[in-house]
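# mind looking at a prediction? Sequence and model below.
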Amino acid sequence: METNKFSKFSAEFLGTLVLVLMGCGSAVIAGANGTTGVGLLGISFAFGLSVVAMAYAIGHISGCHINPAISIGMVVAGRMKPTEAAYYILAQVLGGIAGAALLYLIAANQNGFEMKEWALGSNGWGTGYLGGYNTTAAFIGEATFTFIFLLVIFGATSTKNINGGFAGLAIGLSLVLIHIVGIKITGVSVNPARSIGPALLSGGLALKQVWLFAVAPVIGAILSAVVWKTVLEKHN
């Protein structure tokens, strides 16, 4: 029996909510600094493990995209209809906002909480943001990391892959890898919904810079889909 649209919408909404709450929450609550914080490696694993967990929780319902760039990439690769991708993306963006809102409600009830620039685990770049990388580095990084991420997804979920049962693990670990390299550059988005939620609530520079995290990952996803469809998968 085919899963209905509402179930898929709900799965994508909840999956993206969990990704933002747990991934961004690892930075906001568990912390990246100090001897008691989880550090950048811990944050990297929090994002990756969120994807692994959701892949096995909702993968059989919606495919666990929880990322507009993935849904767009699937359309370009011919694996998804545009009309289906549209309501996936709506669910993902709403889920990202809800996840950021939940994180805010939790974090705001700590003594001394203050909404600073790039709050709630927002993505960003430039002076004052982590490594201080410029716009060019941020754009190239996001597009390249998304390109790589989508290649892993296309390969891991291919019907020709005999190890398809481990797709969720491979995809989650690839996100860990990308975060290990890229956190200092942009905080790592590779996912417009992950960026939009925290940026809307944070405002300021996070909201002004969110355009890059909507554009660059989509470009990376489209390029990855084209390469996969016309070069890699074509000859298999």
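Looks like it arrived, so ask away.
# so how far is Thr3 from the most centrally placed residue in the chain?
Most central residue of the chain, judged by C-alpha distance to the mean C-alpha position with C-alpha atoms, centre = their mean, is Asn191 at 3.7 Å. To Thr3, Asn191 is 23 Å away according to C-beta to C-beta, to the nearest Å. Where you see a C-beta, it was placed from the backbone N, CA and C, and this is true even at glycine.
# with Val176 instead?
Counting by C-beta to C-beta, the gap from Val176 to Thr3 is 28 Å.
# between those two, which one's more packed in?
Counted by other C-beta atoms under 10 Å, Val176 and Thr3 do not tie: Val176 has more neighbours, with 18 against 12.
# ok, now which ones touch that one?
Residues touching Val176, when contacts are defined by C-beta atoms under 8 Å, 6 or more residues apart in numbering, comprise 44-45, 47-49.
# low pLDDT regions in this protein?
In the predicted model of the chain, residues 1-2, 32-36, 162-164, 235-236 satisfy pLDDT under 70.
# which elements pack onto the longest helix along it?
Within the chain, and with DSSP state H defining each element, the longest helix by residue count is helix 82-107. If contacts are counted by 3 or more C-beta pairs under 8 Å, 6 or more residues apart in numbering; DSSP states H and E, helix 82-107 sits against helix 5-25, helix 68-76, helix 192-202.
# next structured bit after that helix?
Using DSSP states H and E, the helix or strand that directly follows helix 82-107 along the chain is helix 135-156.
# tell me the buried residues in the helix or strand immediately after that next one in the chain?
Tracing the chain C-terminally past helix 135-156 and defining elements by DSSP H and E, one meets helix 167-186 next. Of the residues in helix 167-186, those scored as buried under the neighbour-count criterion (16 or more other C-beta atoms under 10 Å) are 167-180, 182-183, 185-186.
# what's the neighbour count on the residue nearest to Phe166 when sequence neighbours are not counted?
Setting aside the residues directly before and after it, Phe166 is nearest to Ala156 in space (C-beta to C-beta, 6 or more residues apart in numbering), at 7.5 Å. Summarising burial for Ala156: neighbours were counted as other C-beta under 10 Å, giving 18.
# with the one 10 residues further on instead?
The criterion is other C-beta under 10 Å. On that basis, Phe166 has 11 neighbouring residues.
# likewise for Lys116?
11.
# quick one: Val190 from Gly165, how far?
Here the distance between Val190 and Gly165 works out to 24 Å (C-beta to C-beta).
# next one: the longest helix of the chain to chain centre, how far?
Using C-alpha atoms, centre = their mean, to the nearest Å, we find the averaged C-alpha position of helix 82-107 to lie 11 Å away from the chain's own average C-alpha position.
# so which bits of it are buried?
Along helix 82-107, these residues count as buried under the neighbour rule (16+ other C-beta under 10 Å): 85, 88-89, 91-104, 107.
# got the angle between it and helix 5-25?
40 degrees (axes from the mean of the first three to the mean of the last three C-alpha atoms, to 10 degrees).
# just want the angle from helix 82-107 to helix 68-76.
Comparing the axes of helix 82-107 and helix 68-76 via the same axes, to 10 degrees yields an angle of 170 degrees.
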